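Colleague: Sequence plus predicted model, see below.
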Amino acid sequence: MLRIAHLSSAHPRDDSRIFGKQCRTLAAHGHQVTLVVADGLGDARRDGVTIVDAGAARGRLDRMLHATCRVYRRALTLDADIIQLHDPELLPAGLLLRRRGRKVVFDAHEDVPLQLLGKPYLTPPLRRLLSAAYARFERRACARLDGVIAATPAIRDKFLPIQPGAIAIRNYPRPEEFGAAAWDGQPLQVCYVGGLSALRGIAELVRACTLLRTPVRVGLAGRFS
């Protein structure tokens, strides 16, 4: 049995990748799992996972500057064998935890340098500057950690030169999420569930429908931006 702590200053406590697919699965296999979040909803215990609340953040800047420090301090109180980070702003905390002898793994949900190049609220020169600066910091930081988990093979391949043991754990739905669905007789339909924004390729997905040569319909579900 391992004592495993997952840290997040940005994600909700019921995040499907962090809580649903990783924390619950580890707990079901007999490990002692703690999830540290910053949402202000208080401590709790669900499905064998201990949830520790570091206090809600007041806006993006407070999250990056103060919530990360609170999450780090709560992590110090845990006697964890492995600590897994789920947000880029927690990398400095991960380095400090590594110096204290903890085993630290970074879960790269997104390609952040590439994501920064598409931020609409930044000017193009600032996007390029921040993207290059973060990419350099990310490489140096992750090279000092014990491992990297990536959400896609493309993100994993980016880390392989500095972390040969980097692996991809894709964010596929779990079979039980579909229930007892009867697939025979169902209409031909593809469903996208998630953020409906230009940054996530929603325009390309809609335009791709004009290329379909079969009576397939596309259903979209999520917050629209």
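Modeller: Structure's in. What do you need?

Colleague: which sections of the protein are below the confidence cut-off?
Modeller: By pLDDT under 70, the low-scoring segments of the chain are 61, 180-181.

Colleague: And the contacts of the longest helix anywhere in it?
Modeller: Assignment by DSSP state H gives helix 124-144 as the longest helix of the chain. Under the criterion CB atoms under 8 Å, 6 or more residues apart in numbering, residues 88, 91-92, 94-95, 98, 106, 112-114, 116-119, 122, 148, 159, 162-163 lie in contact with helix 124-144. Quick note: C-beta positions are derived from backbone N, CA and C, even for glycine.

Colleague: now the residue positioned nearest the centre of the chain: how far from residue 170?
Modeller: The geometric centre of the chain, computed from its C-alpha atoms, lies nearest to residue 109 (CA atoms, centre = their mean), at 3.8 Å. Counting by CB to CB, to the nearest Å, the gap from residue 109 to residue 170 is 11 Å.

Colleague: Identify the contacts common to the two.
Modeller: Common neighbours of residue 109 and residue 170 (criterion: CB under 8 Å, 6+ apart): residue 151.

Colleague: if we can go back for a sec, for the longest helix of the chain, buried residues please.
Modeller: Buried positions in helix 124-144, judged by neighbour count with 16 or more other CB atoms under 10 Å: 127, 130, 131, 134, 135, 138, 141, 142.

Colleague: And for the first one, nearest residue in space, chain neighbours not counted?
Modeller: In space, residue 127 comes closest to residue 117 once its chain neighbours are excluded; the distance is 5.2 Å by CB to CB, 6 or more residues apart in numbering.

Colleague: Which residues are in contact with that neighbour?
Modeller: Shown in contact with residue 117 (CB under 8 Å, 6+ apart): 127, 128, 131.

Colleague: just residue 14 next, same as before
Modeller: Applying CB under 8 Å, 6+ apart, the residues near residue 14 are residue 20.
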